[in-house]
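Undergrad: model the structure of this input:
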Amino acid sequence: MSRTRDPIFAVLLFSSAALATVFIAQYGFHLQPCELCLLQRYPYGVAILLTVAALGLKLDAKALRTVLGLCFLTFAVNGGIALYHVGVEQHWWAGPQACTAGSGTVTSVEDLAAMLSKPANIPMCDQPSWFLFGVTMAGYNLLACIGMAAFCALSARRFREAV
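TA: Next up, the predicted model:
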């Protein structure tokens with residue numbers, strides 16, 4: 001494999017490892033994801049599709065730079081979702097109503113119907129079920145996305161200088 005493809009391959013490996021990690025947590029350790037956790041998986045899938053396409057099509061350096069730019073945007077969006085999720089977990093701001101453990105007040109028939117239709121076993125976005133050194137999975141995802149966005153930006157810049 002050409003050295004110019006190394007950053008693309010690294011993004012593919014990292015994104016695949018990130019998804020593998022959350023699936024192992026979910027299915028191996030029974031850590032059920034909340035709605036925001038599920039939403040944070042999609043950008044990794046997009047990055048995987050972009051990098052597989054780039055590697056399969058044997059793109060030139062300019063096109064690889066574009067792919068890295070798109071991956072940068074993907075990780076930036078995922079980092080924004082992760083930051084929002086961390087803020088919801090820390091109660092810095094309100095999260096989606098369907099995903100947070102609100103006061104449970106019922107002020108209308110619609111509120112009651114919504115509350116009764118919600119399955120009881122869905123994890124709440126503001127109640128993380130896993131910590132390591134005081135950081136949740138959303139927090140680690142935020143750090144990973146910042147790192148990967150920086151990696152993609154620097155790698156794309158290197159391609160620009162090479163072209």
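Undergrad: measure the residue nearest the centre of the chain to A18 for me?
TA: By C-alpha atoms, centre = their mean, the chain has its centre lying nearest to Q40, at 3.1 Å. Note on Q40: its distance to A18, by C-beta to C-beta, to the nearest Å, is 9 Å. All C-beta spots, glycine's among them, are computed from the backbone N, C-alpha and C.
Undergrad: which residues do these two both contact?
TA: Counting by C-beta atoms under 8 Å, 6 or more residues apart in numbering, the shared contacts of Q40 and A18 are N141.
Undergrad: just after the least confident helix or strand in the chain by mean pLDDT, pick out the following helix or strand.
TA: Within the chain, no helix or strand scores below helix 109-117, which has a mean of 68 by mean pLDDT, DSSP states H and E. Sequence order places strand 131-132 as the next helix or strand after helix 109-117, per DSSP states H and E.
Undergrad: so what touches whichever helix or strand comes after that following strand?
TA: Using DSSP H and E, the helix or strand that directly follows strand 131-132 along the chain is strand 135-136. Strand 135-136 has contacts (C-beta under 8 Å, 6+ apart) with V86, E89, P128, W130, L143.
Undergrad: what about the chain, any weak spots by pLDDT?
TA: Scanning the chain for pLDDT under 70 picks out 1-3, 101-107, 111-112, 114-121, 160-163.
Undergrad: longest helix of it?
TA: helix 61-89 (DSSP state H).
Undergrad: who does that one touch, helix- and strand-wise?
TA: If you count contacts as 3 or more C-beta pairs under 8 Å, 6 or more residues apart in numbering; DSSP states H and E, helix 61-89 packs onto helix 6-23, helix 35-39, helix 42-57, helix 137-162.
Undergrad: the shortest one - contacts with which helices or strands?
TA: What that stands for is helix 35-39. By 3+ C-beta pairs under 8 Å, 6+ apart, helix 35-39 packs against helix 61-89, helix 137-162.
Undergrad: still on that earlier bit, who wins for proximity to R65 among the helices and strands packed on helix 61-89?
TA: Counting by C-beta to C-beta, R65 lies closest to helix 137-162 out of the helices and strands packed on helix 61-89; the figure is 3.8 Å.
Undergrad: tell me how far V52 lies from F14.
TA: Here the criterion is C-beta to C-beta. By it, V52 lies 13 Å from F14.
Undergrad: quick one, which of the two is more surrounded?
TA: Per other C-beta atoms under 10 Å, whichever of V52 and F14 has more neighbours is F14, with 20 against 14.
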